[in-house]
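K.L.:
structure of the sequence below:
(chains A and B)
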Number of protein chains: 2
Amino acid sequence: MLKALLTTLFALFAVSSFAQADSPKAEAGHFRHVVMFKFKEGTSAEKVAEIEKHFGSLEEKIDTIVDYEWGHAIPESRGLDQGFTHCFVVTFKDKAGLEVYAPHQAHQDFIAVFKPHVEKVFVLDYVSK
Amino acid sequence: MLKALLTTLFALFAVSSFAQADSPKAEAGHFRHVVMFKFKEGTSAEKVAEIEKHFGSLEEKIDTIVDYEWGHAIPESRGLDQGFTHCFVVTFKDKAGLEVYAPHQAHQDFIAVFKPHVEKVFVLDYVSK
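P.N.:
Model (predicted):
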């Protein structure tokens, strides 16, 4: 009984430690691909939601993506945000990860979907320190 | 002996779980304050390094900052990065965290230091999903 409990505890600790080490925020040196969108005036809320969802689906299709998050610009940043309304951060382990992502068919398909609806795109990549 | 081992294991697991829960990347809903700089032409490398260091020091001075990272724009994003060379991401637990940061004396002092050397600033805040 005690042995089983010990084994379970060891397993839980191991999984837990692994999850921590695996978190992109746990260490510096990750490759961040920051993308901002401003949609064209008149783009329907349904189309915007469809594009948001599509971007999110890339994580399942391109295995060099190690982390992904996004959000809507909040009103407080208006004035210095150039009217961009969406920020997406795609994280790769390294530059090689981006080099798989950029030409990947799933990414190219996504570009074809969002391009007609987006007025401005901003992209900046950096390696986190 | 076994009891001591069990207690230790429980403690390790508890600490480990806490560290994970505390990581800004471990859950959505964090408040990200994204700041980009383009320095004025002729700004010395020493001045740029001083400003980078100064930004990093805010984390110790303003306790609502729960995470901070930054990096230089890498050449691959040139073309869509508008010439911005630096990206800084300051993370708060919530909007209240930003509201402490924005008027904080340490932040205001930093603004006075970087402003004369920066040609363009971009700021966008979002809540991570």
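
K.L.:
got the contact list for residue A:84?
P.N.:
The contact partners of residue A:84, by Cβ atoms under 8 Å, 6 or more residues apart in numbering or on different chains, come to A:36, A:37, A:38, A:73, A:120, A:122, B:124. Heads up, the C-betas are built off the backbone N, CA and C, glycines and all.

K.L.:
in chain A, which residue is most central in space?
P.N.:
Per Cα atoms, centre = their mean, the C-alpha nearest to the average position across chain A is that of residue A:68, at 2.3 Å.

K.L.:
related to what we said a few turns ago, reformat the contacts of residue A:84 as JSON lines; add secondary structure, distance to residue B:82 and neighbour count.
P.N.:
Converted to JSON lines, the contacts of residue A:84 look like this (DSSP: H, G, I helix; E, B strand; the rest coil; distance: Cβ to Cβ, whole Å; neighbours: other Cβ atoms under 10 Å in any protein chain shown):
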{"residue": "A:36", "secondary structure": "strand", "distance to residue B:82": "10", "neighbour count": "25"}
{"residue": "A:37", "secondary structure": "strand", "distance to residue B:82": "14", "neighbour count": "23"}
{"residue": "A:38", "secondary structure": "strand", "distance to residue B:82": "13", "neighbour count": "18"}
{"residue": "A:73", "secondary structure": "strand", "distance to residue B:82": "16", "neighbour count": "23"}
{"residue": "A:120", "secondary structure": "strand", "distance to residue B:82": "10", "neighbour count": "15"}
{"residue": "A:122", "secondary structure": "strand", "distance to residue B:82": "7", "neighbour count": "21"}
{"residue": "B:124", "secondary structure": "strand", "distance to residue B:82": "13", "neighbour count": "26"}
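
K.L.:
got those as a markdown table, with pLDDT and distance to residue A:48 columns?
P.N.:
Formatted as a markdown table, the contacts of residue A:84 follow (pLDDT from 0 to 100; distance: Cβ to Cβ, whole Å):
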| residue | pLDDT | distance to residue A:48 |
| --- | --- | --- |
| A:36 | 97 | 14 |
| A:37 | 98 | 9 |
| A:38 | 97 | 11 |
| A:73 | 95 | 13 |
| A:120 | 96 | 14 |
| A:122 | 96 | 17 |
| B:124 | 97 | 17 |
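
K.L.:
can I get those residues in JSON lines including distance to residue B:51?
P.N.:
Listed next are the contacts of residue A:84 as JSON lines, based on distance: Cβ to Cβ, whole Å:
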{"residue": "A:36", "distance to residue B:51": "23"}
{"residue": "A:37", "distance to residue B:51": "29"}
{"residue": "A:38", "distance to residue B:51": "28"}
{"residue": "A:73", "distance to residue B:51": "25"}
{"residue": "A:120", "distance to residue B:51": "27"}
{"residue": "A:122", "distance to residue B:51": "22"}
{"residue": "B:124", "distance to residue B:51": "20"}
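
K.L.:
residue B:32: which of those is nearest?
P.N.:
Of all the contacts of residue A:84, the one with the least separation from residue B:32 (Cβ to Cβ) is residue B:124, at 8.5 Å.

K.L.:
hmm, residue A:83 and the closest one touching each other?
P.N.:
No - Residue B:124 is not in contact with residue A:83 according to Cβ atoms under 8 Å; the separation is 10.1 Å.

K.L.:
before we move on, the earlier item: next, count neighbours for the residue nearest to the residue nearest to the centre of chain A when sequence neighbours are not counted.
P.N.:
With sequence-adjacent residues excluded and distances taken as Cβ to Cβ, 6 or more residues apart in numbering or on different chains, residue A:68 is closest to residue A:59, at 4.6 Å. Summarising burial for residue A:59: neighbours were counted as other Cβ atoms under 10 Å in any protein chain shown, giving 16.
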